[in-house]
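Trainee: Pasting the sequence and the predicted model now:
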Amino acid sequence: MFSALKKLTKLNDDRCPAPMPMSSSLQKKFSRGVHFNMKILIKGDRNVGKSCLLQRLQGGAFIEEYVPTDQIQVAPIHWTYKNTDYIVKVEVWEVVDKGRTKKKAPLGLKLENQTTPAVQEDGYETPVLDATFLDVYKNSSGVILMLDITKTWTFEYVVKELSRVPADLPVVILGNHCDMQHHRQVHPHHIEQALHHAKLTRTAPVRYAESSMRNGFGLRLLHKFFNVPFLRLQKTSLLEQLQRNQKDIEETEKELDDFQNSEESHYESFVDRLANKRRQNNGQTEIRPSNDRSPSIVLGAGKPIIPPNVNPLVRYACFKRFVEVIMPVYQQSGGEDPDVSKEPDIKTEKKHKKKKSKDRGDYSDKSDRKERKHKSKKSKEKKTNPQQDLLAPAPIDFNYEEYDSL
């Protein structure tokens with residue numbers, strides 16, 4: 001809002017110097033996010049040192065020349081609460097109660113041949129940002145009321161303005177030009193009396209301090225004073241969190257009551273739902289792999305598998321081997337795998353051996369040796385396998401006449 005108003009009232013004159021722009025370090029700091037925003041106001045009568053205080057809070061040097069400020073000036077400053085990780089954006093407002101407006105000449109054409117003198121139109125006034133234009137106390141966190149200890153009317157302004165400051169805003173009254181004690185007109189007992197009357201009606205703290213912008217005295221006290229509005233902001237934030245927490249607790253208690261009054265909290269309904277789920281799971285057909293051994297597949301479906309790029313002599317030898325060796329065995333087994341047909345015979349042999357062993361009882365040493373030899377002889381015998389015979393090398397008796405006939 002303030003930037004929009006600033007553009008509205010931007011003028012092409014040099015009525016007052018602009019505050020120092022935001023430094024790159026502050027821009028980098030605020031780019032990561034801000035935890036708290038603080039708005040500090042500097043109010044006081046004219047020529048008490050408000051602009052110089054704003055310059056000093058930004059880290060600038062003391063300016064000896066007095067330049068009146070015609071409208072509100074805003075500038076951010078460096079400030080942290082006791083080296084904590086909180087990122088606090090502190091904006092200091094130099095408030096002007098009544099800004100000085102400047103008239104602009106009306107736009108029009110000047111006619112040289114005009115016989116009657118033209119009526120001079122009054123110029124229009126440009127708006128300025130001052131305390132009459134907007135409410136400066138809105139969203140404020142603290143107030144600095146400045147006075148000049150060498151001028152009594154500045155003290156009267158502070159007493160009058162203190163009654164207008166909201167009661168919940170912390171205030172510090174800053175007596176400037178304490179380096180000019182020999183010209184002092186405002187004495188401490190006057191200030192103590194004003195503070196006593198103010199504390200009777202205010203809830204926020206009020207205190208008095210003195211400063212000198214020439215040598216920077218009092219700036220450290222102001223940095224410590226900023227702790228008060230920050231802690232009040234933090235307290236307000238924590239109270240809001242506690243209220244939200246209490247509201248969440250009440251809602252959770254209500255949800256628990258509703259759950260206990262519903263059917264889901266009854267044990268019988270829970271058991272029924274559990275049983276229904278089990279029935280549904282048991283009703284689903286599960287595909288289980290069968291343990292029965294499937295018959296072996298004869299490669300080539302009764303025909304020899306020969307790569308296309310094989311020498312025709314080797315192809316003919318493979319075909320002849322297939323016809324003479326594999327086909328007779330395949331026909332004798334009835335189209336079944338000979339390994340599968342032999343399995344039941346092996347099982348019957350094992351059962352027969354077990355029966356014999358039960359009938360005989362204990363073996364003698366000679367009979368054991370004979371049986372071991374017999375088993376070793378059987379294991380050494382080669383089993384006929386059509387697929388291995390196909391892959392095994394065999395002597396080739398090639399007949400070119402038969403190959404030509406094919």
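Mentor: Happy to help now that I have it.

Trainee: Val159 reaches Ala194, doesn't it?
Mentor: Yes. Using Cβ atoms under 8 Å, Val159 is in contact with Ala194, at 5.1 Å. Quick note: C-beta positions are derived from backbone N, CA and C, even for glycine.

Trainee: any weak-confidence spans in the stretch 201-350 of the chain?
Mentor: 285-315, 330-331, 333-350 (pLDDT under 70).

Trainee: try 90 this time
Mentor: 260, 262-266, 268-270, 273, 279, 282-350 (pLDDT under 90).

Trainee: Start from the N-terminal end of it and give the strands.
Mentor: 206-210 (DSSP state E, counting those that start in this stretch).

Trainee: Could you break this structure into its assigned domains?
Mentor: 2-99+126-236, 312-405 (automatic domain parsing).

Trainee: mean pLDDT lowest for which of the ones you listed?
Mentor: Mean pLDDT values for the domains of the chain show the minimum at domain 312-405, a mean of 60.

Trainee: what ranges do the helices span in the stretch 1-150 of the chain?
Mentor: For the stretch 1-150 of the chain, applying DSSP state H, counting those that start in this stretch gives helices covering 2-8, 24-31, 50-57.

Trainee: Next, the buried residues of the longest helix along the chain.
Mentor: Secondary structure assigned by DSSP state H gives helix 227-261 as the longest helix of the chain. Within helix 227-261, the residues that count as buried by 16 or more other Cβ atoms under 10 Å are Val228, Pro229, Phe230, Arg232, Leu233.

Trainee: what does stretch 162-180 give?
Mentor: In terms of neighbour count (16+ other Cβ under 10 Å), stretch 162-180 has its buried residues at Leu162, Val165, Leu169, Pro170, Val171, Val172, Ile173, Leu174, Gly175, Asn176, His177, Cys178.

Trainee: ok, now stretch 74-88?
Mentor: Val74, Ala75, Pro76, Ile77, Trp79, Val88.

Trainee: Of the residues you listed, which is the nearest to Leu239?
Mentor: Val88 (18.5 Å; Cβ to Cβ).

Trainee: and that closest one, how far is that from His196?
Mentor: Look at Val88 and His196: by Cβ to Cβ, to the nearest Å, they are 32 Å apart.

Trainee: Same question for Gly142.
Mentor: Distance from Gly142 to His196, by Cβ to Cβ: 21 Å.

Trainee: Tell me which of the two has more neighbours.
Mentor: Gly142 (24 against 10; other Cβ atoms under 10 Å).

Trainee: Now do the contacts for the more buried one.
Mentor: Counting by Cβ atoms under 8 Å, 6 or more residues apart in numbering, Gly142 touches Met38, Ile40, Leu41, Leu169, Pro170, Val171, Val172, Phe225, Phe226, Val228, Pro229.

Trainee: circling back: can you redo the buried residues of stretch 162-180 as JSON lines with secondary structure and distance to Ser237?
Mentor: Shown next, in JSON lines, are those (DSSP: H, G, I helix; E, B strand; the rest coil; distance: Cβ to Cβ, whole Å):
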{"residue": "Leu162", "secondary structure": "helix", "distance to Ser237": "27"}
{"residue": "Val165", "secondary structure": "coil", "distance to Ser237": "23"}
{"residue": "Leu169", "secondary structure": "coil", "distance to Ser237": "17"}
{"residue": "Pro170", "secondary structure": "coil", "distance to Ser237": "16"}
{"residue": "Val171", "secondary structure": "strand", "distance to Ser237": "22"}
{"residue": "Val172", "secondary structure": "strand", "distance to Ser237": "23"}
{"residue": "Ile173", "secondary structure": "strand", "distance to Ser237": "28"}
{"residue": "Leu174", "secondary structure": "strand", "distance to Ser237": "28"}
{"residue": "Gly175", "secondary structure": "strand", "distance to Ser237": "33"}
{"residue": "Asn176", "secondary structure": "strand", "distance to Ser237": "33"}
{"residue": "His177", "secondary structure": "coil", "distance to Ser237": "38"}
{"residue": "Cys178", "secondary structure": "coil", "distance to Ser237": "36"}
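
Trainee: Would you mind giving those as CSV with distance to Asp70 added?
Mentor: Shown next, in CSV, are these (distance: Cβ to Cβ, whole Å):
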residue, distance to Asp70
Leu162, 25
Val165, 23
Leu169, 26
Pro170, 28
Val171, 25
Val172, 26
Ile173, 25
Leu174, 22
Gly175, 25
Asn176, 21
His177, 23
Cys178, 28
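
Trainee: what's the closest of the residues you listed to Pro205?
Mentor: Pro170 (5.3 Å).

Trainee: so Leu222 makes contact with Ile144?
Mentor: Yes. Contact status for Leu222 versus Ile144: in contact at 7.1 Å, counting by Cβ under 8 Å.

Trainee: Need the overlap of contacts for the two.
Mentor: Val172, Leu174.

Trainee: the more surrounded of the two?
Mentor: Each of Leu222 and Ile144 has its neighbours counted (other Cβ under 10 Å); Ile144 has more, 25 against 22.

Trainee: Now for that one: which residues touch it?
Mentor: Counting by Cβ under 8 Å, 6+ apart, Ile144 has contacts Ile40, Leu41, Ile42, Lys43, Leu53, Val171, Val172, Leu174, Leu222.

Trainee: please redo it, this time with the cut-off set to 7 Å
Mentor: Ile40, Leu41, Ile42, Val172, Leu174 (Cβ atoms under 7 Å, 6 or more residues apart in numbering).

Trainee: The third one pairs with what?
Mentor: In this entry, Ile42 is beta-bridged to Glu94, Ile144, by DSSP bridges.

Trainee: re earlier: show me which of the buried residues of stretch 74-88 is closest to Ser269.
Mentor: Val88 (55.5 Å).

Trainee: quick one, what contacts the closest one?
Mentor: Here Val88 is in contact with His35, Phe36, Met38, Trp79, Thr80, Tyr81, Phe230 (Cβ under 7 Å, 6+ apart).

Trainee: Apply 10 Å and report the result again.
Mentor: Shown in contact with Val88 (Cβ atoms under 10 Å, 6 or more residues apart in numbering): 29-30, 34-38, 79-81, 226, 229-230, 233-234.

Trainee: re earlier: could you tell me which residues touch both of Val159 and Ala194?
Mentor: Common neighbours of Val159 and Ala194 (Cβ under 10 Å, 6+ apart) are Ile173.
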